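Q: sequence below, structure please.
(chains A and B)
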Amino acid sequence: MSTISREEVAHLARLARLEVTDDELDAFAGQLDVILESMKTLGEVDTEGVQPTSHAVPLVNVLREDQPQPSLPRDAVLAGGPDTAEGRFRVPRILDEEA
Amino acid sequence: MGERTIDQTAAHIAEAIREGRTSAYSVTEAFLDRIDAVDGTVKAFLHVDREGALATAAEVDAAIAAGEELGPLAGVPIAIKDVVVTKDMPTTAASKILEGWIPPYDATITERVKAAKMPILGKTNLDEFAMGSSTEYSAYRQTANPWDTGRIPGGSGGGSAAAVAAKMAPLAIGTDTGGSIRQPGAVTGTFGAKPTYGSNSRYGLIAFSSSLDTPGPVARNALDAALLHEVISGHDPRDSTTIDAPVPPVVEAARSGASGDLSGVKLGVVKEFAEGSAAAEPGVVEAYQAGVDQLVKLGAQIVEVSCPSFTYALPTYYLIAPSEASSNLARYDGVRYGLRAGDDGKRSLEEVMSLTREAGFGPEVKRRIILGTYALSAGYVDQFYGQAQKVRTLIKRDFEAAFGECDALISPTTPFIAFKFGERTGDPYQMYLADLYTIPTNLYGGPGVSVPVGLSEGMPVGLQVMGPVMGDDITYRVAAALESTQETLLADTAPEIEGK
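A: Purely as a prediction, here's the structure:
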């Protein structure tokens, strides 16, 4: 039995906001199955009582003075956006107009 | 070494500029002309900034004429991997989703390169968002290996490695998440160093896997890389994961290594790397073993060490890196930068986001986002992501135990020589195997360098030296010692490229 089905891949793509094509679904399902199969070997490792590592270097509580700093100029940041208006990023509608 | 400017090492070029034997302007022009002549064949660059590079070079010459004190690499041109942000210069991460984006700020690395007065030649090609081992996943162009233009230049930093190998730049910046500096270095006959995690700022580095990403130098030899290493490294208040401690003395280490004395140095060979399916192809093993023999002649002692958890490094990495990537790449939503697709005035924000990401991301990026989303999703997170984080701890412990028995670890950098285009794109898992020997270092956080060691089937092979956290100096020392046994640098024996 495969580790991951085509339907699951479609569901994950939806969660990740990826509008994948049927061809991509077919390809990804097979490829991800091979990859996940190899990852199952991790289950063999005894990690009872082992602390997880989330970061390579153990730095904790790095603090700095809370001093105001100049931010990037607004226009320079907006210049990189695909659609802007009135000093803001313009986005497609968020709520259904009929709602 | 040839007579041309482009054949010189960065150290020689810097000295010649300082002593007035040449000008930064003519040096920069020579490399730009080389790009014009051969990049049509190699395709290492995504963007070339002739005007900007020459302007910086002219400033250097004026400063020298005025008697100003300049840094050790002033006037030496450099290429930057296109995943490092450069103000007013396009930065794409080789993705369509950032096509046309002009960053409004500089990465810390870029700032330091500029402060060192190094002319920036341009931005180099990579696998999209630095995900890949062949640069074939670039959305823009396929970079060729200067040793055989039918083969891959490694990845993800194939552009930086190919630019240095083809003498279009004496130095380059790369980034290494699982091997993206070292593996391209190995397969192009160049020198690549992944510094200790946290010794180089990630501010302005387009994030792939934040707990692993490490910027570092690409060069023709250890000394040149060390000089650049010291220019870019060090604590940065804008990246709270950087280490607030002095940068290890890598230039001094490269110089001391060049004397060729390794007496008293213990080098560990990882038993598990040589076993079963983990073993490198025979030609690679042969070239690597000849390098080990040289190290022994220089006085190094070889000890075998066991790192049983390394067997699980590949699956551990391919759970952690895609998990972090799926989160980091959520920012590409068609709102603040780059591409927006399907915004017809009728579709909702969510539909436009999905269409944008579908149009803007290539296949490997999508695969990894889906894989990461899976590994982090309810019901699987403990089995996959959580377990991978615990195995990461075991891998760190293996390194720490090994460094109790030796000063540094050595291995081949990658199990196989540069493969032909298309050979592994159909099977992502086969592509992942390219990073089998480089990945453990990233999971641990220590430094690793790849130094050219010889040829197999006419293609370069690299030897990797891995050190303890903040022990970057020992990796440079061993690598420079190995170089001292070579009559000619491998980087100087690459076949001449025919321009197009």
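Q: so is stretch B:222-239 next to chain A?
A: Yes - with Cβ under 8 Å from any Cβ of the partner chain as the criterion, chain A is reached by stretch B:222-239 at residue B:237. In this view, the C-beta of every residue, glycine as well, is placed from N, C-alpha and C.
Q: okay, strands next: where are they in the stretch 1-150 of chain B?
A: Ranges of strands within the stretch 1-150 of chain B are B:45-48, B:78-81, B:120-124, based on DSSP state E, counting those that start in this stretch.
Q: what residue in chain A comes nearest to chain B?
A: Nearest to chain B in chain A, going by Cβ to the nearest Cβ, is residue A:56, at a distance of 2.7 Å.
Q: my guess is that residue contacts residue B:210. True?
A: No - applying Cβ atoms under 8 Å as the test, residue A:56 and residue B:210 come out as separate, 10.2 Å apart.
Q: out of those two, which sits in the busier spot?
A: Counted by other Cβ atoms under 10 Å in any protein chain shown, residue A:56 and residue B:210 do not tie: residue A:56 has more neighbours, with 22 against 17.
Q: how about the contacts made by the more buried one?
A: When the contact criterion is Cβ atoms under 8 Å, 6 or more residues apart in numbering or on different chains, the partners of residue A:56 are B:197-198, B:211-212, B:442-445, B:469.
Q: check contacts around the residue most central in space within chain A.
A: Centroid-nearest residue in chain A, with Cα atoms, centre = their mean: residue A:16, separated by 6.6 Å. Going by Cβ under 8 Å, 6+ apart, residue A:16 touches B:326, B:330, B:357, B:369-370, B:373.
Q: from the contacts of residue A:56, which land in helices?
A: Counted as lying in helices by DSSP state H, out of those, are B:442-444.
Q: so which elements touch the biggest helix by length in chain A?
A: The residue-count maximum for a helix in chain A (DSSP H) belongs to helix A:22-39. Applying 3 or more Cβ pairs under 8 Å, 6 or more residues apart in numbering or on different chains; DSSP states H and E, one finds that helix A:22-39 contacts helix A:6-15, helix B:313-328, helix B:363-376, helix B:428-432.
Q: with distance to residue A:71 and mean neighbour count as new columns, can these be given to me in TSV?
A: Listed next are the helices and strands packed on helix A:22-39 as TSV, based on distance: least, Cβ to Cβ, whole Å; neighbours: other Cβ atoms under 10 Å in any protein chain shown:
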stretch	distance to residue A:71	mean neighbour count
helix A:6-15	32	17
helix B:313-328	22	24
helix B:363-376	29	25
helix B:428-432	40	19
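Q: so which of the ones you listed comes closest to residue B:455?
A: Between residue B:455 and those, the shortest gap by Cβ to Cβ is with helix B:428-432, which sits at 23.0 Å.
Q: quick check: closest non-adjacent residue to residue A:18.
A: residue B:357 (5.3 Å; Cβ to Cβ, 6 or more residues apart in numbering or on different chains).
Q: for residue B:447, same thing?
A: residue B:472 (4.2 Å).
Q: quick one: distance of the lowest-mean-pLDDT helix or strand in chain A to the chain centre.
A: Within chain A, no helix or strand scores below helix A:22-39, which has a mean of 92 by mean pLDDT, DSSP states H and E. Its chain's C-alpha centre and that of helix A:22-39 lie 18 Å apart, by Cα atoms, centre = their mean, to the nearest Å.
Q: and the next element down the chain from that helix?
A: Moving toward the C-terminus from helix A:22-39, the next helix or strand (DSSP states H and E) is helix A:74-78.
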